[in-house]
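# Show me how the following folds:
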Amino acid sequence: MLPQNSYSLEYFKRCLFADQPDEYEIAPSANFYDYPWNYDEKSSRATLPNNGPVIIQKGRAEGVLLGGNMCSLNLLNGTEYFPRIAGDIILCIEDDSYDSILETFERNFQSVVQQPYFRQVKAILIGRFQQESQPTEQALRDIILSKNIEQTMPVIANLDFGHTDPKFTYPVGGRTAVEAGDIATIRFLSI
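Numbers count the residues shown, from 1 in each chain. Below you'll find the predicted structure:
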């Protein structure tokens, strides 16, 4: 196994293997890789430093994990295939750069905010954007905070999931605790 894959493999095992602890905390990767959708495996890849989680809004929450790619999640809205979750939700969302610029992200996020299940959302976790999307921390902050979400709802961005590598595997349907203060803490409690 290549060293750059050890982070992804470690969290894949923690999430899915029975011999792993039921509860674990996510640590950010040291570096990441950003590949275009048509990446050629033979070409070299640049290692980019991971600046870690970005806390957009402070707070603390616990709930059941729901999420995925925003376009895919929005396609399920109103269908029999959308997950039914009773109680509080920790929402994980991410978007790719193939056709996503921040304006597209804002439109997709607005669609999420307007869904009935959003009343159950107690925290939002946002995966790392690909560089092609040209995200800035301030632009992302402006988009999220313009939606008038609850001021005590923790919102954390630049997390290791989505369309960059490495990524942690997260347990959709599992209990999760989120705390965003001076630092971000994400703990998966059980599946």
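# From now on I want contacts and neighbour counts done on CA atoms only, so please keep to that.
Will do.
# partners of the strand of greatest length in the chain, with directions?
Counting by DSSP state E, the longest strand found in the chain is strand 59-69. Here strand 59-69 is paired, per DSSP bridges, with strand 89-94 (parallel), strand 175-180 (antiparallel).
# what ranges of the chain fall below the confidence cut-off?
Along the chain, the parts satisfying pLDDT under 70 run over 1-4, 36-45, 97-100, 134, 191.
# all strands of this structure, in order?
24-25, 31-32, 48-49, 54-57, 59-69, 89-94, 121-128, 155-162, 175-180, 184-190.
# elements contacting the last one?
Looking back up the chat, that one is strand 184-190. strand 24-25, strand 175-180 (3 or more Cα pairs under 8 Å, 6 or more residues apart in numbering; DSSP states H and E).
# Take the strands of the chain and write them to a markdown table, including mean neighbour count.
Below are these laid out as a markdown table (neighbours: other Cα atoms under 10 Å):
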| stretch | mean neighbour count |
| --- | --- |
| strand 24-25 | 15 |
| strand 31-32 | 18 |
| strand 48-49 | 11 |
| strand 54-57 | 21 |
| strand 59-69 | 21 |
| strand 89-94 | 24 |
| strand 121-128 | 25 |
| strand 155-162 | 25 |
| strand 175-180 | 22 |
| strand 184-190 | 18 |
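# got these as CSV, with distance to Pro135 columns?
Output for the strands of the chain, formatted as CSV (distance: least, Cα to Cα, whole Å):
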stretch, distance to Pro135
strand 24-25, 26
strand 31-32, 16
strand 48-49, 15
strand 54-57, 12
strand 59-69, 17
strand 89-94, 13
strand 121-128, 9
strand 155-162, 10
strand 175-180, 21
strand 184-190, 20
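# Which of these sits closest to Pro83?
Proximity to Pro83 (Cα to Cα) singles out strand 59-69 among these, at 8.1 Å.
# For that closest one, which outside residues touch it?
Contact with strand 59-69 is made by 73, 85, 87-96, 122-123, 152-155, 162, 171-181, as judged by Cα atoms under 8 Å, 6 or more residues apart in numbering.
# Give me the spatial nearest neighbour of Val54, chain neighbours excluded.
Leaving aside its sequence neighbours, Val54 sits nearest to Ala157 (Cα to Cα, 6 or more residues apart in numbering; 4.9 Å).
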